[in-house]
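1. kindly return the folded structure for what I paste below:
(one chain, ligands or ions: 1)
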Amino acid sequence: MRRHHDLNRTLVRFTAFTLIELLVVISIIALLIALLLPALSRSRQSSRNLQCLNNQRQMMIAVNTYSNDNDEHLPFTGRDYPHFPVMDFFELGLRSYMASPLIGKETVVHCPNDEHEPGYWGAWWNGMYGPMTQSQHHTSVQSLVGTAIPEVVHYSYQWTYKMYHDVNPETGYIVAALRRYKVSEVRFPSNLVAMHCRGEVPSDPHQYENDPNFNGIFCGFIDGHAAYVEFAIMNPTQIGVYPNGSKNTDWTLWGVFGRDF
Ligand SMILES: [Zn+2]
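-> From the prediction side, this is the model:
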């Protein structure tokens with residue numbers, strides 16, 4: 001009888017203890033989650049950033065292979081902005097030089113940071129070039145490729161304007177005339193932003209100045225490397241700056257003969 005009583009007391013004490021302990025454990029777990037979540041999110045972010053840089057490295061390798069097959073010339077189709085830097089550049093210039101398919105989101109032409117709709121580029125140009133939906137992009141290049149391209153393609157990258165336009169020899173300003181350059185004409189291949197990613201750019205350009213995270217861009221270079229370049233180290237350009245003081249690498253002074261930083 002006494003033994004039975006002792007057992008009951010032990011059980012009660014034990015249950016009460018584990019309840020408190022459970023609460024402590026739960027709060028410790030909650031604390032750990034709160035501590036670890038931002039780190040996890042940062043780690044996912046940095047892996048997406050790495051993928052963006054890797055995409056650009058692969059594309060710059062394709063650009064170099066293209067130039068080997070084309071008398072050292074950089075990709076060029078003879079069509080002007082806005083066709084060339086997006087559809088023509090990838091479809092006509094690089095498609096046959098890239099192992100990755102260009103369809104869907106799992107491709108080298110799509111940055112994992114890019115959450116814009118596929119028609120993002122069209123939205124960007126809306127008003128200046130008329131509404132260009134994704135299918136209109138494809139229609140615009142079909143006649144050159146020879147076949148229909150019905151797939152939805154998420155292009156996140158841009159071949160900068162200066163890479164295929166002439167330069168005023170007196171002022172160093174980029175002019176409207178098209179010009180096809182050779183790789184060897186790029187004077188500072190590791191300091192000239194040939195390509196950059198728009199995946200990290202806020203959808204609304206008027207938000208740039210309010211976005212503390214938008215302080216640089218992921219860029220690809222003719223020498224084959226890719227890097228995040230902070231606007232703070234960039235040189236002033238012909239047109240100047242985005243609203244928050246960042247530089248527009250389309251308008252590098254002296255174009256391919258100049259340097260962005
Ligand atoms: Zn990116």
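
2. in the chain, what spans have low per-residue confidence?
-> Scanning the chain for pLDDT under 70 picks out the ranges 1-17, 82, 86, 101-106, 117-153, 203-210, 240-246.

3. what does it have sitting close to the ion?
-> Within the chain, the positions near the ion by C-beta under 5 Å from the ion are 52, 111, 113, 197, 199, 218. To be clear about C-beta, it is placed using only N, CA and C from the backbone, and glycine gets the same treatment.

4. swap in 8 Å and give it another go.
-> For the chain, the contact set with the ion under C-beta under 8 Å from the ion comprises 48-49, 51-52, 55-56, 111-114, 156-157, 197-200, 218.

5. now, those that are in strands?
-> Under the assignment DSSP state E, these contribute 157, 197, 218 to strands.

6. helices of the stretch 151-261 of the chain, residue ranges please.
-> Applying DSSP state H, counting those that start in this stretch to the stretch 151-261 of the chain gives no helices.

7. and the residue of it nearest the ion?
-> Residue of the stretch 151-261 of the chain nearest the ion, by C-beta to the ion: Cys197 (3.2 Å).

8. tell me what the residue nearest to that residue when sequence neighbours are not counted is bridged to.
-> Excluding the flanking residues, the one nearest Cys197 by C-beta to C-beta, 6 or more residues apart in numbering is Phe218, at 4.3 Å. Beta-bridge pairing of Phe218 under DSSP bridges involves Tyr228.

9. number of residues surrounding Phe218?
-> 25 (other C-beta atoms under 10 Å).

10. dump the residue contacts of it.
-> Each residue near Phe218 by C-beta atoms under 8 Å, 6 or more residues apart in numbering is listed here: 49, 52-53, 56, 111, 196-197, 199-200, 226-229.

11. coming back round to it: correct me if wrong: the residue of the stretch 151-261 of the chain closest to the ion contacts Ala227.
-> No: counting by C-beta atoms under 8 Å, Cys197 stays clear of Ala227, with 11.3 Å between them.

12. so what sits against both of the two?
-> With C-beta under 8 Å, 6+ apart, Cys197 and Ala227 have common neighbours 218-219.

13. looking at these two, which one has more neighbours?
-> Cys197 (23 against 15).

14. about what we covered before: now the contacts of Phe218 in JSON lines, with distance to Pro236?
-> Formatted as JSON lines, those follow (distance: C-beta to C-beta, whole Å):
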{"residue": "Asn49", "distance to Pro236": "26"}
{"residue": "Cys52", "distance to Pro236": "26"}
{"residue": "Leu53", "distance to Pro236": "25"}
{"residue": "Gln56", "distance to Pro236": "24"}
{"residue": "Cys111", "distance to Pro236": "27"}
{"residue": "His196", "distance to Pro236": "17"}
{"residue": "Cys197", "distance to Pro236": "22"}
{"residue": "Gly199", "distance to Pro236": "25"}
{"residue": "Glu200", "distance to Pro236": "22"}
{"residue": "Ala226", "distance to Pro236": "23"}
{"residue": "Ala227", "distance to Pro236": "20"}
{"residue": "Tyr228", "distance to Pro236": "20"}
{"residue": "Val229", "distance to Pro236": "15"}
